[in-house]
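[1] structure for the following, please:
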Amino acid sequence: MKLKPGAICDVAAKFGVTAKTISRIWRRADIDVNCGRVLCSDVSSRRTGNVGRKLKWLDVAGRINRTSFNRRTSLRKTAKALQMPYTTLQRYFKRGVVVKYRSNVKPKLTEANKLARVKWALDHVRHRGGLYVDDMMDVVHIDEKWFFMTKLKTNYYLAPDEEPPHRTERSKQHITKVMFMAAVARPRWDEATRTWLDGKIGVWPFVIEVPAARSSRNRPAGTLELQTIPVNKETYKDMLLTKVITAIKEKWPLGSTRNVVIQQDNATPHVAAFDDDVSAACTDGEWNMIVRNQPPNSPDMNVLDLGFFRAIQSLQENCHSRYMMEIIDAVNSAWRDVEARTLNNNFLTLQACLQEVLKIEGDNKYKIPHMRKSSLLACGMLPGVLPCDATEFNRCCDLLDGVDIEERFQVLAEEVKNDLDMSEICTALEGIGVGGLDMESCGEDVDEVESDGENLEFIPRILGLNLE
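    So this is what the prediction gives:
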């Protein structure tokens with residue numbers, strides 16, 4: 001039987017062998033109808049017994065497990081620790097005997113942080129003919145992120161004779177950057193307008209236009225130019241009132257609930273949930289919005305930090321930016337181009353993270369689960385909500401019932417009183433993992449926190465706990 005031209009080479013490339021091997025096997029199984037030869041039924045190897053080259057390094061995986069992590073941060077260091085050739089370890093790596101893992105430092109959690117995360121996850125479980133994670137259709141996630149003009153390290157793929165790009169900056173520590181605030185909700189179908197809401201409420205830069213103080217070769221003095229502004233409580237509050245809340249009211253579906261939760265993290269500049277101006281703006285008209293803080297040291301509880309910011313940054317880096325305005329244009333373009341299904345996938349990832357938090361009782365020692373969302377979406381089987389295991393739910397409920405929360409708060413108050421300086425209270429509290437503390441909003445002085453537990457009203461708000 002005559003094969004098509006190139007068939008043997010294609011099969012050889014598919015199975016990772018030489019064309020000569022495929023030709024030999026084909027000759028053994030060939031059929032020649034004219035000569036009346038019969039198909040060979042067995043084309044397996046004719047070698048018997050334990051043949052082939054013996055592996056010199058048999059227990060590679062076991063030897064790696066017995067080696068310290070600090071001695072295997074690269075293939076060359078690992079080969080030296082195992083006392084084996086570097087090229088041999090490379091071959092094992094290609095076979096999958098050795099795998100590469102990138103370890104990222106995660107926030108250190110106190111026991112109070114873990115309790116706050118457990119209660120946060122339990123508050124997102126709904127009883128709907130079973131236990132399911134909340135669909136979060138009434139939640140708007142807000143967060144801030146720096147977007148840079150360029151990265152310090154970038155990979156490029158070049159032609160063999162192509163010259164690599166030469167990139168220069170005056171200082172690696174002062175690369176032009178702009179901080180943005182973003183607000184997102186879960187994508188959904190709007191029955192009133194019969195259109196899809198993509199969930200992208202808006203993204204806004206923390207910049208102002210100021211007149212140039214001096215002339216340059218690019219513009220005369222007095223020309224308006226962009227300048228970044230520091231993100232403090234005043235600028236954050238102004239952004240929340242003039243941009244975020246206004247955009248929510250404009251883009252929120254008409255037929256949806258007016259009970260909206262604005263979720264923010266515990267950074268120091270963020271406004272208190274009970275701020276009078278924010279509360280007035282949230283309840284203006286027929287709206288009933290509230291601002292809620294997520295648990296301290298928990299970036300995995302915010303959709304923007306679970307991949308949506310990274311998707312925007314990936315698109316923004318495709319544009320070459322030289323000035324601040326070009327960075328803003330690139331971010332706005334990336335914001336428009338990112339798909340709504342990416343945002344929906346991030347919400348499902350958040351639900352999976354809540355499941356993991358319940359499994360490990362509030363810790364963050366877990367890998368973000370992968371659900372093969374693209375494959376499920378292509379098959380029309382992508383779920384809207386994820387189930388919650390009843391055993392884990394009951395176990396976490398028993399955990400909270402068996403903890404003396406007041407005692408934990410008392411210990412935390414003593415640590416604040418003994419270890420922190422009042423002039424740097426906000427920064428110090430972030431460092432030990434209890435979030436940004438607004439002393440004016442708390443109405444208490446930490447020096448007045450006594451060991452008898454009388455002045456601990458502000459501690460639950462710091463920990464993100466709702467004890468009502």
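
[2] dump stretch 136-146 to CSV, keeping only the CA atoms.
    C-alpha atoms of stretch 136-146 as CSV (Å, rounded to 0.1, in the frame of the first residue of the first chain):
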residue,chain,number,x,y,z
MET,A,136,-22.6,38.0,44.4
MET,A,137,-24.9,39.7,41.9
ASP,A,138,-25.3,42.6,44.4
VAL,A,139,-21.6,43.2,45.1
VAL,A,140,-19.3,45.7,43.5
HIS,A,141,-15.6,45.1,44.1
ILE,A,142,-13.3,48.1,44.1
ASP,A,143,-9.5,48.3,44.4
GLU,A,144,-6.5,50.3,43.3
LYS,A,145,-3.5,49.3,41.2
TRP,A,146,-0.3,50.9,39.8
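
[3] residues in contact with that stretch?
    Identification of contacts with stretch 136-146 by Cβ atoms under 8 Å, 6 or more residues apart in numbering yields 124, 177-186, 188, 201, 206, 231, 240, 244, 248, 256-257, 259-265, 267, 302-305, 309, 313, 347, 350-351. For the C-beta atoms, the positions are set from N, CA and C on the backbone; glycine is no exception.

[4] show me how to select, in ChimeraX, the buried members of those.
    Burial among those is assessed by 16 or more other Cβ atoms under 10 Å; the matching ChimeraX selection reads:
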select :124,178,179,180,181,182,183,184,185,186,188,201,206,231,240,244,248,256,260,262,263,264,265,302,303,304,305,309,313,347,350,351
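
[5] distance check, E356 against M301.
    11 Å (Cβ to Cβ, to the nearest Å).

[6] neighbour count: the two, which is higher?
    Ranked by neighbour count (other Cβ atoms under 10 Å), E356 and M301 place M301 first, with 24 against 18.

[7] model confidence over stretch 280-288, on average?
    Mean pLDDT, computed over stretch 280-288, is 89.

[8] buried ones in that stretch, by neighbour count?
    Buried, per 16+ other Cβ under 10 Å, within stretch 280-288: A281, C282.

[9] name the surrounding residues that touch stretch 323-342.
    For stretch 323-342, contacts defined as Cβ under 8 Å, 6+ apart pick out 147-149, 176-178, 180, 182, 187, 196, 198-200, 203, 205, 207, 226, 228, 307-308, 311-316, 318-321, 377.

[10] what about that stretch, distance to the chain center?
    18 Å (Cα atoms, centre = their mean, to the nearest Å).

[11] for that stretch, list the C-alpha coordinates in PDB.
    Extracted as PDB, the C-alpha positions of stretch 323-342 are listed here (Å, rounded to 0.1, in the frame of the first residue of the first chain):
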ATOM      1  CA  TYR A 323       4.100  59.600  28.600                       C
ATOM      2  CA  MET A 324       1.500  59.600  31.400                       C
ATOM      3  CA  MET A 325      -1.400  60.300  29.100                       C
ATOM      4  CA  GLU A 326      -0.400  57.300  26.900                       C
ATOM      5  CA  ILE A 327      -0.400  55.100  30.000                       C
ATOM      6  CA  ILE A 328      -4.000  56.300  30.800                       C
ATOM      7  CA  ASP A 329      -5.100  55.700  27.200                       C
ATOM      8  CA  ALA A 330      -3.500  52.200  27.200                       C
ATOM      9  CA  VAL A 331      -5.300  51.200  30.400                       C
ATOM     10  CA  ASN A 332      -8.600  52.600  29.100                       C
ATOM     11  CA  SER A 333      -8.200  50.600  25.900                       C
ATOM     12  CA  ALA A 334      -7.300  47.500  27.800                       C
ATOM     13  CA  TRP A 335     -10.400  48.000  30.000                       C
ATOM     14  CA  ARG A 336     -12.600  48.100  27.000                       C
ATOM     15  CA  ASP A 337     -11.000  45.100  25.300                       C
ATOM     16  CA  VAL A 338     -11.000  42.700  28.200                       C
ATOM     17  CA  GLU A 339     -13.900  40.200  27.800                       C
ATOM     18  CA  ALA A 340     -16.800  40.000  30.200                       C
ATOM     19  CA  ARG A 341     -16.400  36.200  30.400                       C
ATOM     20  CA  THR A 342     -12.900  36.900  31.900                       C
END
